[in-house]
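Visitor: return a 3D structure for these sequence lines:
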Amino acid sequence: MTHTVCQPCYDCKYTDCVAVCPVECFYQDEKMLYIDPADCIDCEACVPECPVEAIYAEANVPSQWASFTPLNAERSAALKESGGGITEKQSPQEGPECKKK
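Guide: Model prediction:
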């Protein structure tokens, strides 16, 4: 099983989660973060670090966000090829669609 970054991360990109990931499986584009399911070891270290509660175990992804599971796989694969990996915390990105809790 893997973890999935879901809708709450969209346009509300916090990177606290990437700093605790032991296998460096996070990737980013201009709008959000993604987890590479091939590299994720299901350690759950990232889950409590997310201030917008956007990270779920694949089996627990809310039904309204089910499309984010394949999206994480697709985007992380594409970003892996282009060097979109992220391993260190950066300044948060709070765009107009950010709904921080």
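
Visitor: where do the helices sit along this protein?
Guide: 16-20, 68-82 (DSSP state H).

Visitor: could you dump the ones you listed to CSV with mean pLDDT and mean neighbour count?
Guide: For the C-beta atoms, the positions are set from N, CA and C on the backbone; glycine is no exception. What follows is the helices of the chain, written out as CSV (pLDDT from 0 to 100; neighbours: other C-beta atoms under 10 Å):
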stretch, mean pLDDT, mean neighbour count
helix 16-20, 97, 18
helix 68-82, 95, 17
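
Visitor: nearest to residue 52, out of the ones you listed?
Guide: Among the helices of the chain, the nearest to residue 52 by C-beta to C-beta is helix 16-20 (10.0 Å).

Visitor: give me the number of residues near the closest residue to residue 25 other than its chain neighbours?
Guide: In this structure, residue 25 finds its nearest non-sequential neighbour in residue 39, 3.8 Å apart by C-beta to C-beta, 6 or more residues apart in numbering. Residue 39 has 16 neighbours, counted by other C-beta atoms under 10 Å.

Visitor: now stretch 63-77, how far from the centre of its chain.
Guide: From the chain centre to the centre of stretch 63-77 is a distance of 10 Å (C-alpha atoms, centre = their mean, to the nearest Å).
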